[in-house]
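A.B. asks: When you get a sec, could you give me coordinates for this:
(one chain, ligands or ions: 1)
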Amino acid sequence: MAYGLLKGKKGIIFGALDENSIAWKTALKVKDEGGVFTLTNAPIAMRMGKINDLAKQCNAEIIPADATSEADLTNLFTKSREILGGKIDFVLHSIGMSPNVRKDRDYGDINYEWFLKTLDISGLSFHKVLQTAEKTDSMNEWGSILALTYIASQRTFPDYSDMAQAKSVLESIARSYGARFAKLKKVRVNTISQSPTKTTAGAGISGFDVFFDYAQMMSPLGNASGEDCAAYIALMFSDFSRMVTMQNLMHDGGFSTSGITQELIDRLSK
Ligand code: NAI
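C.D. replies: Numbers count the residues shown, from 1 in each chain. Model prediction:
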């Protein structure tokens, strides 16, 4: 059911790679709720071509941008304003990549050049998005900017490797830039800490299926799906969340505040 929550709002959605992507599901949800937006992804991800199907479904234009490139981001914000006919109300940063994870590099034998790449793509790029939005004066007052994160920023999870550090950086940027953007433009900046979700980025972590099943048992409501996440993002873009800023919002079915669950006790005592 749609509620028209985002009627009249304009935005930019980063990170839709395929139908499983959280950004893909978000685009469909935001469209249903009346929002209009441009879609963007790294030029290399465009080669898959799938994003064209989404663009058609959403009547959205695609503007390629490597989120680590300030020039690409400046072009993205400038063109998005032209295409959408005004300033921006919402931005979703749904970006993650670690060469060390992708190439299964052991945490005790990490490649530091790749580590810096992980930090740049998965953490620093959020600062670049925020700074570009400010410098190009692209945001409307009471706008909402979100990035997606994972609880491995705060607790250790084997095989999450340098992505854990990147997510800590990301969450910290949301607090620091949130304070600044609130004063400048009443723009709110938050991260959403999502349950394990079966996507390309998720499945890239080795042992992901075990993470997923464990989190399912440790979350009284079960894992939050990509669709649930998209609905929460729509709420966070809407006027119903105007005073929420500088937060790391747990969207995890109760995982983060569970010590142990009965389900897990039953399973382990078998
Ligand atoms: P996904 O693989 O569908 O999306 C990741 C996106 O990042 C892709 O579209 C990819 O092209 C894009 N990307 C990579 N490098 C880029 C660059 N240099 N510039 C611009 N875009 C770039 O996977 P998913 O799961 O939808 O990931 C979205 C976000 O959600 C990520 O931040 C991820 O860490 C986060 N997240 C995912 C969870 C999961 O279990 N899947 C759990 C919690 C958070």
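A.B. asks: contacts and neighbour counts: CA atoms only from here.
C.D. replies: Noted.
A.B. asks: Show me where the chain has its strands.
C.D. replies: Along the chain, counting by DSSP state E, strands occupy 10-14, 36-40, 88-93, 139-149, 188-194, 248-251.
A.B. asks: Now render these as CSV, adding mean pLDDT and mean neighbour count.
C.D. replies: Compiled in CSV, those are given as follows (pLDDT from 0 to 100; neighbours: other CA atoms under 10 Å):
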stretch, mean pLDDT, mean neighbour count
strand 10-14, 98, 24
strand 36-40, 98, 26
strand 88-93, 99, 25
strand 139-149, 98, 24
strand 188-194, 99, 25
strand 248-251, 98, 19
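A.B. asks: Distance to Phe126 for those - can I get that in JSON lines?
C.D. replies: Formatted as JSON lines, these follow (distance: least, CA to CA, whole Å):
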{"stretch": "strand 10-14", "distance to Phe126": "11"}
{"stretch": "strand 36-40", "distance to Phe126": "14"}
{"stretch": "strand 88-93", "distance to Phe126": "7"}
{"stretch": "strand 139-149", "distance to Phe126": "7"}
{"stretch": "strand 188-194", "distance to Phe126": "10"}
{"stretch": "strand 248-251", "distance to Phe126": "14"}
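A.B. asks: For Val101, which of the ones you listed is the nearest?
C.D. replies: Across those, Val101 has its closest neighbour in strand 139-149 (16.0 Å, CA to CA).
A.B. asks: And the ligand, is the helix or strand of the chain with the lowest mean pLDDT touching that?
C.D. replies: Every helix and strand of the chain was ranked by mean pLDDT, DSSP states H and E. The lowest is helix 200-203, at a mean of 83. Yes. For helix 200-203 and the ligand, the contact criterion (CA under 6 Å from any ligand atom) is met by 200-202.
A.B. asks: how about the residues of this structure near the ligand?
C.D. replies: Counting by CA under 6 Å from any ligand atom, the chain sits next to the ligand at 15-17, 21-23, 41-42, 45, 66-68, 94-97, 121, 148-150, 193-202.
A.B. asks: Surely Ala224 is in contact with Gly253?
C.D. replies: Yes. Under the criterion of CA atoms under 8 Å, Ala224 makes contact with Gly253 at 5.8 Å.
A.B. asks: shared neighbours, the two?
C.D. replies: Taking CA atoms under 8 Å, 6 or more residues apart in numbering as the criterion, Ala224 and Gly253 both touch Ser195.
A.B. asks: need the longest helix for this structure.
C.D. replies: Counting residues, the longest helix in the chain under DSSP state H turns out to be helix 163-185.
A.B. asks: for that helix, packing partners?
C.D. replies: The contact analysis (3 or more CA pairs under 8 Å, 6 or more residues apart in numbering; DSSP states H and E) places helix 163-185 against helix 112-119, helix 125-135, strand 139-149, strand 188-194.
A.B. asks: Just checking: what are the partner strands of the shortest one?
C.D. replies: I take that to be strand 188-194. Using DSSP bridges, the strands paired with strand 188-194 are strand 139-149 (parallel), strand 248-251 (parallel).
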